[in-house]
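>>> Quick one: sequence plus predicted model below, questions after.
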Amino acid sequence: MNQAKSGNEIVHIHTVSAGELQTLFEKGKRDQLSCIVCQKPVKLFIGIHETPYFYHSDPSQAPCVMPYSEPMNQDKPLEYMEQNGFKIPKSRTITETKTITEPFLRSRQVTGNPQYSHKTASLAQLEEPYFQELSSCGVVLDAEQLKAVKTIEGPILVLSGAGSGKTRVLTVRTAYMLTVKKIDPRSIMLVTFTAKSAKEMQQRLLSYPNMTPSLVSQVVSGTFHSIFYKILIFHEPSKWQRDLLLKWEWEKEKILKQAGREMELDDKEFAYDQALQQIGLWKNSLAFPEDIQPDDEWEKSCLFLYKKYEEYKKQTGKYDFDDMLVGCYVFLKNHPDFLKKYQQRFQYFLVDEFQDINKVQYELIKLLSSESKNVCAVGDDDQSIYSFRGSDPKYILNFNHDFPRSQVVKLTENYRSSHQIVATANRLIKRNQNRMEKQMRAQHDSGNPPVLFYPYDEELEATMIVNDIQEKIAKGANPGDFAVLYRTHTMSRAIFERLAASNLPFVIEKDADSFYQRRVIRGMLAFMRLSLFPHDSKAAADVLSSLFLRQSILQELKAQTILQDCDYIDAFAYIKTGHAFQEKKLKTIPGQIRSLKIMSPLVALEIIEKDLGYQDYVKKRGNEANLEKGSDDIRDLKVAANRFPTVAAFLEHVDHMTAMVQEIKQLSKHFKDAIQLTTVHRSKGLEYKTVYVLAAVDGSIPHDFALESYRKGELAPLEEERRLLYVAATRAKTDLYLSILQTRRGRTAHPSRFLKL
Ligand SMILES: Nc1ncnc2c1ncn2[C@@H]1O[C@H](COP(=O)(O)OP(=O)(O)OP(=O)(O)O)[C@@H](O)[C@H]1O
């Protein structure tokens, strides 16, 4: 049905602009829309594949036949009718002649992909009984996979495109070495990117013929950290005791903050989390404090903190995760006798996700394999996405240089995704200049071309995705078939909210915090909270720093509430700071804060931002170097607030959602079959039937910081962003949806430049 009644008005769906759809959708949910024929409640459906339409809330009711509605003539005088003694205009179809500036844009499929020509991967010759046995267990290899499995001696780079079965290759190779080649399991080092994948590989190994738990457990497998930590603890047990490990980010930040005070860096305002990341990057790149020449003020501060951090650890004997690798590297360099021992013991190295290796890891492998030269590096330069942790595709690109006479095997058969997805991903990644040339080939064609859909904003994006998932589940899909991928955590707010309001099971990452707990957001919300609850001392404390007042002023505020018998809002007017200008400003604050509660949340946020000076505060905080800028947070908050009519309703929603994040995390542990919400980074190595990628627009993917670097002439960050989109796209088996927001953070958005295929 394309018409419904909202209050007195008849709404024709084709006359509603895209920006109003979400409001209309929510009216439907609140039973504020009715059928113009039978008067029963109707709802609005906004999905990905169809244009929006109304439907009866009672699913058993067939759609009513709509009467013909004449286009409204603006020149025609309005007709009136009497109702309860009032003269009101007769209900009418609104704005048939209204020009829609933002029409709803229909989704479209990616076009231009080459036709699928079915070529089955050339299957391996299975003369060897071992491979015949494997194949009878359902583990088949193609010719290239077999080559990668059987090339045991000498360095080999297995360039494995997305979905090409590198886990299969790594595990079969290990099994082959053990059972056919009878290689001592203790001489094999199998390095994985996560502890989870090490476990999965062990389980996979056990399912192969002739493998026993005792054989598998003797292979030295695990992450770089776990393997090299074991070496350290064996040789220097007292130095590397478990209880000396700085495990938590907050512990490390505390040490940095202590040091930062010497430089008068503000505890709250300096981006200590980013500084820790920078220090980690230096350490993993084997850049010691004495080697670093800071490029700017930021790096200067970080370097100072790095020195202090290292001093602190030296004095207390503590160490962090990065020290495990750096420590082992230094230990082996300083103890040639032990180095030799390990070089003799480890004869075979298998390294998974080689594209994400960093310098210290690379150097460790080079050092240990310098005698045997038997390194099997498995990775995909197109999936190198961890440069912020020091990884670099150059380690793959230069493999042949560092490991001379190495063989290269390219795995280009994609067993995961349908042809249309693979062909789109091929066209996407081809544009990167720094990569090894390869072209993936799909092994099946059972999916649709990727779909580009055009939500008006982040809210509508979430609504459309959840509706699409609901539709698919109603047709038999399982929640675990779906993943929603995004560039950064904060982008998941709206989809989280929409899923939380549905009854669909979903999981989020363990370390994902509520959007409303972000520092900049919390600060803004505190003003709203204070306006509603003028006696809330926590809210009063939370607004102090954004008003450029010291935390110690809270005591004075408290005193004034008693002396003047007033609430915290009025108490601001009595604060003496010794600066006439500031005191004058403080006198205007009670009126401004008090007015917030009667405003719409959007207007309230504008007042906080402009009149109460929050904008200046965010700028001054100076952490605009962060990946997520404070000013972006403000714009995100406005999008979230826009749906709510009152400040009170919005704050109630905020509190509910903050509690929901904790609840969902708890529940997640019990879900076996659930929709996955995750960043693209965390989705690496995983696969889902259907994948939705949020905000495939410039500024998101590619992220603003990469665009900024590109403007300054740096290509690498932009190419990494393209790889991120490639990783996201290749997670999908049959259905891939890319959301092209029309507006993002309240501004016009432009399709990601990567989608110009
Ligand atoms: N020779 C083969 N024949 C049939 N299916 C295969 C073959 N090799 C791998 N597969 C299947 O292909 C899918 C992708 O394999 P896998 O997850 O190992 O890929 P990957 O190379 O690790 O992918 P990515 O790097 O994109 O994470 C899996 O479902 C796997 O079982």
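Happy to help now that I have it.

>>> all contacts plus neighbour counts: C-alpha atoms, from now on.
OK.

>>> pLDDT (mean, whole number) over stretch 681-693?
Averaged across stretch 681-693, pLDDT comes to 95.

>>> Give me the distance between the two termini of it.
End-to-end span of stretch 681-693 (C-alpha to C-alpha, to the nearest Å): 12 Å.

>>> Residues contacting it, please?
With C-alpha atoms under 8 Å, 6 or more residues apart in numbering as the test, stretch 681-693 has contacts from 385-386, 416, 465, 480-487, 724, 727-739.

>>> Report whether it contacts the ligand.
Yes. Using C-alpha under 6 Å from any ligand atom, stretch 681-693 reaches the ligand at K684, G685, L686.

>>> Residues of this protein that sit close to the ligand?
Within the chain, the positions lying close to the ligand (C-alpha under 6 Å from any ligand atom) are 140-142, 160, 162-168, 415-416, 684-686.

>>> Need the buried ones from those residues selected in PyMOL.
A single PyMOL command selects the buried members of the residues of the chain next to the ligand (16 or more other C-alpha atoms under 10 Å):
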select buried, resi 140+141+142+160+162+163+164+165+166+167+168+415+416+684+685
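
>>> among the residues of the chain next to the ligand, which are in helices?
Among the residues of the chain next to the ligand, the members found in helices (DSSP state H) are K166, T167, R168.

>>> What is the neighbour count of whatever residue of the stretch 201-350 of the chain ends up closest to the ligand?
For the stretch 201-350 of the chain and the ligand, the shortest gap (C-alpha to the nearest ligand atom) falls at M201, measuring 10.3 Å. Neighbour count of M201, defined by other C-alpha atoms under 10 Å: 23.

>>> Check S57 too.
18.

>>> What's the separation between it and Q582?
Per C-alpha to C-alpha, S57 is found 56 Å from Q582.

>>> Can you give me the buried ones in stretch 646-659?
T646, V647, A648, F650, L651, V654, M657, T658.

>>> for the chain, where's the lowest mean pLDDT among helices and strands?
Ranking every helix and strand in the chain by mean pLDDT, DSSP states H and E puts strand 86-89 at the bottom, with a mean of 50.

>>> List the contacts of the residue of the stretch 351-500 of the chain found nearest the ligand.
Nearest residue of the stretch 351-500 of the chain to the ligand: Y415, at 4.1 Å (C-alpha to the nearest ligand atom). Contact partners of Y415, counting by C-alpha under 8 Å, 6+ apart, are G163, S164, G165, A442, Q443, H444.

>>> any idea how far it lies from L428?
Distance, Y415 to L428, using C-alpha to C-alpha: 19 Å.

>>> Regarding this protein, what is its longest strand?
strand 732-739 (DSSP state E).

>>> coming back round to it: would you say the residue of the stretch 201-350 of the chain closest to the ligand is within a helix?
Yes. Assessed by DSSP: H, G, I helix; E, B strand; the rest coil, M201 belongs to a helix.

>>> what's the neighbour count on the closest residue in space to G280 that isn't next to it in sequence?
Spatially, and ignoring its direct neighbours in sequence, G280 is nearest to D322 (6.8 Å; C-alpha to C-alpha, 6 or more residues apart in numbering). For D322, the count of nearby residues is 16 (other C-alpha under 10 Å).

>>> again with D513
Residues lying near D513 (other C-alpha under 10 Å) number 16.

>>> and L367, what element?
Assigned by DSSP states H and E, L367 falls within helix 359-368.

>>> Which strands or helices does that helix pack on?
Here helix 359-368 touches helix 272-284, helix 321-334, helix 336-345, going by 3 or more C-alpha pairs under 8 Å, 6 or more residues apart in numbering; DSSP states H and E.
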